[in-house]
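**Q** Please work out how this folds:
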Amino acid sequence: MSRTTLSQIVRAFGVEPARIRRVSHRHNTHWRVVSREGAVYFLRRFGHQPDLAADAAWEVEAIRSLGDRGWPVAAPLGKPRLIDGAYFVLLPHLSGRALGKGSTDGDGYLWLGRRLAELHLLLEGLAPPPQRPDWTELLAGSRPRPSHPPRDELMAFLAGRAPALADHLATAIDAFEARDLAAVFAGAPRQVVHGDFSPWNVLTRGGRLTGVLDFELAHVDVAAADLAFARRGSHDGVVRGYLEVRPLPDAHIAALDALWTGAVLTSAWLELAPALKAGRLDPGALDWCAAQLQKTYPYSGSISA
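**A** Presented below is the predicted three-dimensional model:
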């Protein structure tokens with residue numbers, strides 16, 4: 001049986017393609033599509049999830065909801081389509097240039113924090129949607145997702161292949177759980193968070209935010225979780241810029257390093273779960289996680305105005 005071509009998939013969304021070129025492949029895969037009329041789109045194939053249909057539907061609905069609230073997002077053209085066992089959406093092109101490819105300077109991080117606070121203001125008072133399927137808040141980052149093997153199994157697997165790294169991860173887990181984030185954020189409002197509000201995922205033009213990209217890590221969490229993602233363990237300028245626009249409780253700001261540790265631990269489980277299933281751990285699979293744990297520190301600026 002012949003498989004559906006990329007051109008046929010694009011046509012299913014009502015666009016006649018002239019050129020299609022793959023531009024990225026990580027968890028999801030993206031192709032840049034130029035139509036016969038010269039319009040630019042991006043075709044996206046969703047990566048694997050335990051319930052891919054529910055995951056894709058959640059993300060598409062979240063993006064549409066954020067767009068309705070004023071976020072500059074690329075709302076998909078129609079619902080995700082199941083084609084040859086994979087889910088696809090077609091996204092319109094957003095104008096602008098990425099703030100930074102891998103990072104930015106101090107002024108860039110201040111700008112990033114201000115923009116994130118402005119976007120969060122648009123969500124104040126809104127009831128959040130249900131949690132993204134198979135996701136948890138960063139407050140629970142020391143535990144694997146519901147679909148993953150138990151933590152003891154994952155840690156035993158890691159200890160058998162990289163004992164020093166297992167010890168490092170165990171220390172991070174103990175330190176994280178000692179922060180008791182459930183108590184810190186008890187009663188805090190929840191919202192949709194982007195999950196990777198970083199220089200490479202925001203587009204600018206003339207100093208203005210023109211696009212927010214890549215919602216594969218979006219989920220429901222506390223606002224401080226989004227700020228922790230943007231700070232990435234050490235970029236304090238993001239926090240200063242955010243607090244210029246929108247206040248957060250002092251205890252939430254003081255917990256930013258722990259929230260980022262929760263994000264790093266979550267990433268570790270995402271690496272370890274398929275490694276355990278395959279029976280092997282690829283060299284360097286957890287290098288990023290180890291590096292992030294080493295460089296993460298508490299916010300060093302003034303919290304209260």
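**Q** By residue count, what's the longest helix in the protein?
**A** When the chain is parsed with DSSP state H, its longest helix is helix 256-278.
**Q** Of all the residues in that helix, which ones are buried?
**A** 256-269, 271-273, 275-276 (16 or more other CB atoms under 10 Å). C-beta here means a position set from N, CA and C on the backbone, and glycine is covered the same way.
**Q** what sits against Gly211?
**A** Pro72, Val73, Ala74, Leu94, Ser95, Gly96, Val202, Leu203 (CB atoms under 8 Å, 6 or more residues apart in numbering).
**Q** next structured bit after the helix or strand that contains it?
**A** Using DSSP states H and E, Gly211 falls within strand 208-212. Using DSSP H and E, the helix or strand that directly follows strand 208-212 along the chain is strand 219-222.
**Q** And for that next one, what's in contact with it?
**A** 128-132, 135, 137-139, 185, 188-193, 195, 252.
**Q** cool, stretch 67-79 as well?
**A** 13-15, 41-42, 44, 57, 60, 63-64, 66, 89-94, 119, 122-123, 126, 203, 209-213, 215.
**Q** Now with 7 Å, please.
**A** The contact list for stretch 67-79, computed with CB atoms under 7 Å, 6 or more residues apart in numbering, reads 13, 60, 63-64, 66, 89-92, 94, 119, 122-123, 209-212.
**Q** same deal with stretch 130-149?
**A** So stretch 130-149 is contacted by 49-51, 54-55, 58, 151, 154, 173, 176-177, 181-182, 185, 219-221, 225, 228, 259, 262-263, 265-266, 269, 273, 276 (CB under 7 Å, 6+ apart).
**Q** ok, of these, which come out buried?
**A** With neighbours counted by 16+ other CB under 10 Å, those contain buried members at 49, 55, 58, 154, 173, 176, 181, 185, 219-221, 225, 228, 259, 262-263, 265-266, 269, 273, 276.
**Q** quick one: the strands in the stretch 1-150 of the chain?
**A** Assigned by DSSP state E, counting those that start in this stretch, the stretch 1-150 of the chain shows strands spanning 17-25, 29-35, 40-45, 81-83, 86-92, 97-98.
**Q** Give me the mean pLDDT for the last one.
**A** Here the mean pLDDT over strand 97-98 is 94, rounded to a whole number.
**Q** Name every strand pairing with it and say which way it goes.
**A** Counting by DSSP bridges, the strands paired with strand 97-98 are strand 202-205 (antiparallel).
**Q** what's the answer for the third one, then?
**A** Strands that pair with strand 40-45, judged by DSSP bridges, come out as strand 29-35 (antiparallel), strand 86-92 (antiparallel).
**Q** mean confidence score for the last one?
**A** pLDDT averaged over strand 86-92 equals 94, rounded to a whole number.
**Q** CA atoms only for that strand, dumped as CSV, please.
**A** The C-alpha trace of strand 86-92 is given here as CSV (Å, rounded to 0.1, in the frame of the first residue of the first chain):
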residue,chain,number,x,y,z
ALA,A,86,0.5,10.0,12.3
TYR,A,87,-1.2,13.3,13.2
PHE,A,88,-0.5,16.4,11.1
VAL,A,89,-1.5,20.1,11.3
LEU,A,90,-0.8,22.9,8.9
LEU,A,91,0.3,26.2,10.5
PRO,A,92,0.4,29.7,9.0
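**Q** What are the contacting residues of it?
**A** 9-10, 13, 15, 41-46, 52-53, 56, 60, 74, 76-77, 80-81.
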